[in-house]
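In: What follows is a predicted structure for the sequence shown.
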Amino acid sequence: MDKIIIEGGRRLSGSIPVSGAKNAALTLLPCALLTDEPLTLRNLPRLADIDGFQHLMNQFGVSTTIAGSRPEDFGRVMTLEAPRITSSVAPYELVRKMRASILVLGPMLARMGEATVSLPGGCAIGNRPIDLHLKALEALGAEIEMAAGYVRAHAPDGGLPGGRYSFPVVSVGATENALMAAVLATGRSSLHNAAREPEIVDLCNMLVAMGAQIEGIGTSDLTIHGVPRLHGATYRVMSDRIEAGSYACAAAITGGEVTLEGAKFEEMEATVQALRDAGVSVEAVAKGIHVAAEGPLKAITLSTAPYPGFATDMQAQLMALLCLAEGSSVLTETIFENRYMHVPELNRMGAHIETKGRTAVVHGVKHLTGAEVMATDLRASMSLVIAGLAAQGETQVHRLYHLDRGYERLEEKLALVGARVERVGGD
Ligand code: EPZ
């Protein structure tokens, strides 16, 4: 398995191009099932999860073609065509590798009137149930049964009638599945306490470009008027606000200054505020966002929350930055039950972090020391990279496949701003 070796202590400076958003792409890709016309996605990030989803779509008979792009380009253009669906089953061997596969349930049900998807199971950060996905689809008129580790969903003969559902807990994936099912329903649907993440807005904007009728985009109350069919579209995936926030933490921890090209200030306000509270300068500039460390880092207190709150996907990266702040920070993870897997590894690098349930107290230390560390999940692995960039000496981050799921060509992007990072295989 690959690992990366990071030489710590180098100040980052320059510009980093931000890629298309993984968590937008993973909900835009299954929309190809909603039409028999071509759907072309631009600015698609080159990530393991995207490759996995492409393979899953091919399983259903969806053809996928990548437009020519030079190896040095970031992002790709992919056209997906689904004139005929040859299978409505998402098998265990694919779903277990990528839990976002559950996002084919709603669109497959809408297109075919039935869908069979393996239960995704849990992952390192939590048991990740899908009960809200199923309850929302039932509210839209689906019949749901579970058998042998699979979810089977059926629509009434005339198609999903649509309906009303109020989410007891904000769920990004369940909101996405419900939206993708409702757009082809025979009637009107309304979703309340829906997720408002920018990735949901990206999904709604693309569905509208395909002919869907959606009101309340960007709010937690969505109304969808079902239409008989959707047409194809060409759509540019939004920039990745979590990737941008991750590199902002990397710049700040090294005392550097970096412009994050393509980042959207208005999609990252909670992250911007947290960085500013920690003493980092963050400004919107023509090309995106400019981040500069100015003076000592300061301890902060914050909780993760659904958008527009501070993103859980940024918690591990911010925690790495706060390891070097003056004073003790208090972070509370309210979304997932086990999202502190990075803490023991950061402590092995000389951090002083104490966790108790959902709360972590990060006591600032003077410096971190490079070490061999193990990535456990996507954002935890980025947290270790950020710490390694500032640590004294060399850090080796093992099990890079976690990182490759969500960060496009990480070592090349870091090298653009002066980091010494090398990927080596076979550890
Ligand atoms: C999406 O996951 C993201 N993944 C996650 O990003 C992100 O952390 C999460 O939203 C929250 O923002 C993708 O978009 C592919 P949820 P999702 O449903 O949809 C509970 C990353 O690092 N819940 O909003 O699975 C759930 O257990 C990944 O890029 C239920 O109880 O998240 C959690 O506690 C990690 N029942 C909370 O809701 C359900 O049916 C929020 O989960 C669904 C969720």
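Out: Cool, got the structure.
In: Which residues of the stretch 101-250 of the chain lie near the ligand?
Out: Neighbours of the ligand within the stretch 101-250 of the chain, by CB under 6 Å from any ligand atom: 126, 128-133, 169, 171-174. Placement of C-beta: from N, CA and C, glycine included.
In: so how many other residues sit close to the residue in the stretch 101-250 of the chain that the ligand sits nearest to?
Out: Evaluated by CB to the nearest ligand atom, the stretch 101-250 of the chain has residue 173 as its residue closest to the ligand, separated by 2.8 Å. Residues near residue 173, counting by other CB atoms under 10 Å, number 22.
In: related to what we said a few turns ago, buried subset of the residues of the stretch 101-250 of the chain next to the ligand?
Out: 130, 132-133, 171-174 (16 or more other CB atoms under 10 Å).
In: Please narrow those to those residing in helices.
Out: Among these, the members found in helices (DSSP state H) are 132-133, 172-174.
In: got JSON lines for those residues, with pLDDT too?
Out: Shown next, in JSON lines, are those (pLDDT from 0 to 100):
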{"residue": "132", "pLDDT": "97"}
{"residue": "133", "pLDDT": "97"}
{"residue": "172", "pLDDT": "98"}
{"residue": "173", "pLDDT": "98"}
{"residue": "174", "pLDDT": "98"}
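In: out of the residues you listed, which one sits closest to residue 206?
Out: Nearest to residue 206 among those: residue 172, at 15.7 Å, using CB to CB.
In: Now do the same contact list for the closest one.
Out: If a contact means CB atoms under 8 Å, 6 or more residues apart in numbering, then residue 172 has 23, 195, 197, 199-200 as its contacts.
In: Can you get me a residue count around the residue nearest to residue 296 when sequence neighbours are not counted?
Out: Nearest residue to residue 296, sequence neighbours excluded (CB to CB, 6 or more residues apart in numbering): residue 326, at 5.2 Å. Neighbours of residue 326 under the rule other CB under 10 Å: 12.
In: Mind listing the residues bridging to residue 326?
Out: Residue 326 has these beta-bridge partners by DSSP bridges: residue 298.
In: isn't it right next to residue 298, touching?
Out: Yes. Using CB atoms under 8 Å, residue 326 is in contact with residue 298, at 6.1 Å.
In: Does residue 35 touch residue 227 like I think?
Out: No. Between residue 35 and residue 227 there is no contact under CB under 8 Å: 10.9 Å.
In: Mind picking the two most distant members of the buried ones among the residues of the stretch 101-250 of the chain next to the ligand?
Out: 130 and 172, at 12.1 Å, using CB to CB across these.
In: one step back: could I get the contacts of residue 172 as TSV with secondary structure?
Out: Formatted as TSV, those follow (DSSP: H, G, I helix; E, B strand; the rest coil):
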residue	secondary structure
23	helix
195	coil
197	coil
199	helix
200	helix
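In: Could you identify which of those has the most neighbours?
Out: residue 199 leads the contacts of residue 172 on contacts (other CB under 10 Å) with 27 neighbours.
In: Now for it: which residues touch it?
Out: 21, 23-24, 27, 172, 176, 238.
In: confidence score at residue 427?
Out: As predicted, residue 427 sits at a pLDDT of 51.
In: Sorry, slip of the keys, the one I care about is residue 342.
Out: We have a pLDDT of 96 for residue 342.
In: For it, the count of nearby residues, please.
Out: Using other CB under 10 Å, residue 342 has 28 other residues around it.
In: So for it, what's the nearest residue that isn't a sequence neighbour?
Out: Leaving aside its sequence neighbours, residue 342 sits nearest to residue 380 (CB to CB, 6+ apart; 3.7 Å).
In: doesn't residue 405 make contact with that neighbour?
Out: No. Judged on CB under 8 Å, residue 380 makes no contact with residue 405 at a distance of 11.8 Å.
In: Give me the more crowded residue out of the two.
Out: Using other CB under 10 Å as the criterion, residue 380 and residue 405 rank with residue 380 on top: 28 against 20.
In: Can you name the residues bridging to residue 152?
Out: The partner list for residue 152 in beta bridges (DSSP bridges) reads residue 116, residue 145.
In: Buried residues, the helix or strand harbouring residue 282. List them.
Out: Assessed by DSSP states H and E, residue 282 sits inside strand 280-285. Judged by neighbour count (16+ other CB under 10 Å), strand 280-285 contains these buried residues: 280, 282.
In: hang on, the earlier thing: what residues are up against the residue nearest to residue 296?
Out: Applying CB under 8 Å, 6+ apart to residue 326 gives the contacts 296-299, 364.
In: what's the answer for residue 138, then?
Out: Applying CB under 8 Å, 6+ apart to residue 138 gives the contacts residue 144.
In: Run through the strands of the stretch 151-300 of the chain in chain order.
Out: Secondary structure of the stretch 151-300 of the chain (DSSP state E, counting those that start in this stretch): strands located at 164-166, 188-192, 213-215, 221-225, 233-236, 257-261, 280-285, 288-293.
In: Any chance of these in TSV with mean pLDDT as columns?
Out: Listed next are those as TSV, based on pLDDT from 0 to 100:
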stretch	mean pLDDT
strand 164-166	98
strand 188-192	98
strand 213-215	98
strand 221-225	98
strand 233-236	98
strand 257-261	98
strand 280-285	98
strand 288-293	98
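In: In TSV, list the ones you listed along with distance to residue 9.
Out: Output for the strands of the stretch 151-300 of the chain, formatted as TSV (distance: least, CB to CB, whole Å):
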stretch	distance to residue 9
strand 164-166	51
strand 188-192	49
strand 213-215	49
strand 221-225	48
strand 233-236	38
strand 257-261	16
strand 280-285	19
strand 288-293	14
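In: Minimum distance to residue 53: which of those strands has it?
Out: For those, proximity to residue 53 was assessed by CB to CB; strand 233-236 is nearest, at 15.6 Å.
In: what comes into contact with that closest one?
Out: With CB under 8 Å, 6+ apart, strand 233-236 has contacts from 20, 28, 39-43, 205-206, 209-210.
In: What residues of that strand count as buried?
Out: Neighbour counts over strand 233-236 (16+ other CB under 10 Å) mark 233, 235-236 as buried.
In: chain center to that strand, what's the gap?
Out: Offset of strand 233-236 from its chain centre (CA atoms, centre = their mean, to the nearest Å): 20 Å.
In: now stretch 343-351
Out: Mean C-alpha position of stretch 343-351 versus that of the full chain (CA atoms, centre = their mean) differs by 25 Å.
In: and residue 32, how far is that from residue 63?
Out: To residue 63, residue 32 is 9 Å away according to CB to CB, to the nearest Å.
In: Pick out whichever of the two has more residues nearby.
Out: Neighbour tally, residue 32 and residue 63, criterion other CB under 10 Å: the higher count belongs to residue 32, 27 against 14.
In: Which residue is the nearest non-sequential neighbour of that one?
Out: Leaving aside its sequence neighbours, residue 32 sits nearest to residue 80 (CB to CB, 6+ apart; 3.6 Å).
In: Kind regards, and thank you for your time.
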